[in-house]
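**Student:** Predicted model, plus sequence, below.
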Amino acid sequence: MRDTFIEELTKIARNDPNVLLLTGDLGFGVFENFRKEYPKQFLNVGVAEQNMSMIAAGLALKGKRVFTYSIGNFPTLRCLEQIRNDICYHDLNVTIVSIGGGFSYGALGMSHHATEDLSIMRALPNITCVAPSSLEETKDATFQLYKKKGPSYLRLDKSNASYDKSENFILGKALKVREGEDVTLIAAGGVLQEALKAAESLEGSSITSRVLSMHTIKPIDEDAIIEAVKKTKGIITIEENNILGGLGGAVSEVCMERNLRPLFFKRLGMRDEYSSVVGDQDFLRNHYGLDHVSIATHVRKLLSDI
Amino acid sequence: MPFDKKFSESLAKSIRIHALNMTSSGNSSHVASVLSIADILSVLYGSVLNIKPEKPDWANRDRFILSKGHAGAGVYAALAEVGFLPISILKEHYQNGSILSGHVSHKGVPGVELSTGSLGHGLGVACGIAYAAKLDGDSFRIFNLMSDGECDEGSNWEAVLFASHHKLSNVVNIIDYNKLQSLDSVESTLSLEPFKDKWEAFGWKTIEINGHSHQDLFSALNSSSNRPTCIIANTIKGKGVSFMENSVLWHYRSPQGDEFEKAIIEVENA
């Protein structure tokens, strides 16, 4: 996803000299071409995320289109108030990009796992929050966020799902990547691949699954949720994030406010805890119950409990 | 144009009187913080900033950011005095439904570049504007005014490094060095000394002046360098009202009743 993002941003920068990429001293081996081709559009602000966000705000106030880049929680939580007061309150054209959503950084440990960012960033007024699940979604999201006015958050991760595309990517509109009637699996980010694998294995037991890539966490696609409740029996949300306030929270908010009653509803994610075990992304998904086997098990149990 | 000291001092007096009225009628805090910077604001808005009240978004205007946003009443007063806002709107400061919040706000207020209130934000944003101005070949300058207590915030020092590294000669940072912060003196909270040496060591051209001398302020604010400039303005918190001067109490206390009357008389007769 990281490489796809930077490829797309390089194209954007080629056509728009107003675009600036800021990094907090991260991106070794990634930015060389960009830097070489567009030295005036690249700025390494140093290991200083608060300042990176303030500089971004100042640049945007002067009319620049800014992307800030770092990993895990560094471009978000580390400088949250700068994002809130300077970037979001002033509704500036800044896209905050984090590489390493969820468990991407695996065995590097808890400090490098972004597992609350979706909930926290979503709570900021004015910001659009996107967690693409595939490389193609990453490319489209990068371009569409560039075109969009106002602040945005682009959460990328190391894993990515691959699926046959049947719909065009539109910000704020979920992509239906599989049709089914028994359950709707809604995922954000690369963990969509686990949902797809679960759907495939459930098919063997004659359980059909609708699978949605809810790449835009905010504004969330209410229509897709309404349709999912009406046309399937229940909903499971899957995210490498705390279940409080993230994707699952957003979907449940829509259900309650719209008076929608799926026959079952389950949020899969971190259950209000930190990821303290050591392991790679797959290992951690397995440990925290976000792997396809766990998802399929939940589906079977929830259907049998109806 | 020669510096008109009389005009400048008269403007400062007006800012002080507005600030007393605004904080009294709003029953709000930070009057001493405004009195501390009234002379700085007066010289900036009256004689230094290249701005057009009739065209607040003019592209080549100088930018001013009040990083110590709690002294917002002073900025509103200055903006009203130079024609960005009607004087009559100052009565609405801190009132329900007003656009003039206690901490300076840009929403609907022409002439305010950045809403602040949380300390340690102004300088970094100023540096971002300055960097963009350099890229675009613009000639305007960016002024940031911060408090001394605000220098406790680490985010400022990130920006200080950045400005120096990128030789942001279009940035002027003014520090309201009144030596008092919210609860206690700067010295007994987190000492900043040797303050000037610190800024010099970070690569800034640093000028230390009397922050109530309009002539000194005018000269310092107009000095140029190929480096970013820091003006350490030695000030007196509560300047102009004897019983507010150098008193931590008036960071939060609002002037009411006899105290308000006495304060107004002192400023008017100064």
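**Tutor:** Good, I have the coordinates. Numbers count the residues shown, from 1 in each chain, chains lettered A, B, ... in the order given.
**Student:** how deep is B:Gln64 tucked in, by neighbour count?
**Tutor:** Small correction: residue B:64 is Phe, not Gln. Neighbourhood size, B:Phe64 [other Cβ atoms under 10 Å in any protein chain shown]: 27. Any C-beta I mention is one placed from the backbone N, CA and C, and that applies to glycine too.
**Student:** Now for it: which residues touch it?
**Tutor:** B:Phe64 makes contact with B:Leu44, B:Tyr45, B:Leu49, B:Glu113, B:Ile142, B:Phe143, B:Asn144, B:Leu145, according to Cβ atoms under 8 Å, 6 or more residues apart in numbering or on different chains.
**Student:** so what's the second one closest to, chain neighbours aside?
**Tutor:** Same thing as B:Tyr45. Closest residue to B:Tyr45 apart from its sequence neighbours, by Cβ to Cβ, 6 or more residues apart in numbering or on different chains: B:Ala78 at 4.2 Å.
**Student:** where's the residue in chain B positioned nearest to chain A, which helix or strand?
**Tutor:** Here chain B gets closest to chain A at one residue, B:Gly128, 1.9 Å apart by Cβ to the nearest Cβ. For B:Gly128, the host element (DSSP states H and E) is helix B:122-136.
**Student:** just A:Cys129 next, same as before
**Tutor:** strand A:128-130.
**Student:** still on that earlier bit, so who does the residue nearest to B:Tyr45 touch?
**Tutor:** With contacts defined as Cβ under 8 Å, 6+ apart, B:Ala78 is in contact with B:Leu11, B:Ile15, B:Leu41, B:Ser42, B:Leu44, B:Tyr45, B:Gly46.
**Student:** So what does the second one look like in phi/psi?
**Tutor:** Backbone torsions for B:Ile15, taken as degrees, to the nearest 10, come to phi -60, psi -40.
**Student:** now it: how far from B:Val112?
**Tutor:** Distance, B:Ile15 to B:Val112, using Cβ to Cβ, to the nearest Å: 15 Å.
**Student:** In terms of neighbours, single out the busier of the two.
**Tutor:** B:Ile15 (30 against 25).
**Student:** Look up the pLDDT of that one for me, please.
**Tutor:** We have a pLDDT of 98 for B:Ile15.
**Student:** wouldn't it be in contact with B:Gly74 here?
**Tutor:** Yes - in terms of Cβ atoms under 8 Å, B:Ile15 counts as a neighbour of B:Gly74; the distance is 5.7 Å.
**Student:** got any residues that touch both of those two?
**Tutor:** With Cβ under 8 Å, 6+ apart as the test, B:Ile15 and B:Gly74 both reach B:Val34, B:Ala38, B:Leu41.
**Student:** Going along the chain, name the strands of the stretch 201-306 of chain A.
**Tutor:** Using DSSP state E, counting those that start in this stretch, the strands found in the stretch 201-306 of chain A span residues A:209-213, A:216-218, A:234-242, A:264-270.
**Student:** Out of the ones you listed, which one sits most buried?
**Tutor:** A comparison of the strands of the stretch 201-306 of chain A by mean neighbour count, using mean count of other Cβ atoms under 10 Å in any protein chain shown, puts strand A:234-242 on top with a mean of 27.
**Student:** Please name the strands paired to that one in the sheet, noting orientation.
**Tutor:** With DSSP bridges as the test, strand A:234-242 is paired with strand A:183-187 (parallel), strand A:264-270 (parallel).
**Student:** and for the shortest one, what are the contacting residues?
**Tutor:** Counting by Cβ under 8 Å, 6+ apart, the neighbours of strand A:183-187 from elsewhere in the structure are A:133, A:161, A:174, A:194-195, A:198-199, A:202, A:207, A:209-214, A:225, A:228-229, A:232-239, A:247, A:251, A:295, A:299, A:302-303.
**Student:** do stretch A:281-296 as well
**Tutor:** With Cβ under 8 Å, 6+ apart as the test, stretch A:281-296 has contacts from A:102-104, A:106, A:113, A:157-159, A:185, A:191, A:194-198, A:201-202, A:236, A:238, A:240, A:268-271, A:275, A:277, A:279, A:298.
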